[in-house]
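Asks: this is a predicted model, with the sequence first.
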Amino acid sequence: MLRNYQTILGLLQNSKREIEIQSVDLDYNGLTNLANEMRRLDRVATLVVGGNLTADMVNSLVLTSGDRFNIKFAQP
């Protein structure tokens, strides 16, 4: 998961395009760290929410990011 986090962080810093993040690719702490980094960089990303996150976790990530996550839900 650390590799995924570092890859996504690099994309946030170096790419002008919006990226899509699968919630199942990172643990909650990694997603929280990315949310903080997105706020710092003023970047937007799409979070595809899988079964690993609760509604409260998603709300917390949106707040932490300063509302910089677009939310999609994974298809079952």
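Replies: Here it is on my side, so go on.

Asks: from now on I want contacts and neighbour counts done on CA atoms only, so please keep to that.
Replies: Noted.

Asks: now do the buried residues in the helix or strand of the chain with the lowest mean pLDDT.
Replies: Taking mean pLDDT, DSSP states H and E as the measure, the chain has helix 2-14 as its least confident helix or strand, at a mean of 87. By neighbour count on 16 or more other C-alpha atoms under 10 Å, the buried set for helix 2-14 is 5, 8, 12.

Asks: before we move on, what about stretch 34-42?
Replies: Here stretch 34-42 shows 34-39 as buried, counting by 16+ other C-alpha under 10 Å.

Asks: and if you look at stretch 19-39?
Replies: 20-21, 23-26, 28, 30-32, 34-39.

Asks: of the residues you listed, closest to residue 65?
Replies: residue 35 (4.2 Å; C-alpha to C-alpha).

Asks: how distant is the strand or helix carrying the closest one from the center of its chain?
Replies: Using DSSP states H and E, residue 35 sits within helix 28-41. Helix 28-41 sits 7 Å away from the centroid of its parent chain (C-alpha atoms, centre = their mean, to the nearest Å).

Asks: list the contacts of it.
Replies: Helix 28-41 is contacted by residues 5, 9, 12-13, 23, 44-45, 53, 57, 61-62, 64-66, 68-69 when judged by C-alpha atoms under 8 Å, 6 or more residues apart in numbering.

Asks: so which of those residues sit within helices?
Replies: Among those, DSSP state H puts 5, 9, 12-13, 57, 61-62, 64 in helices.
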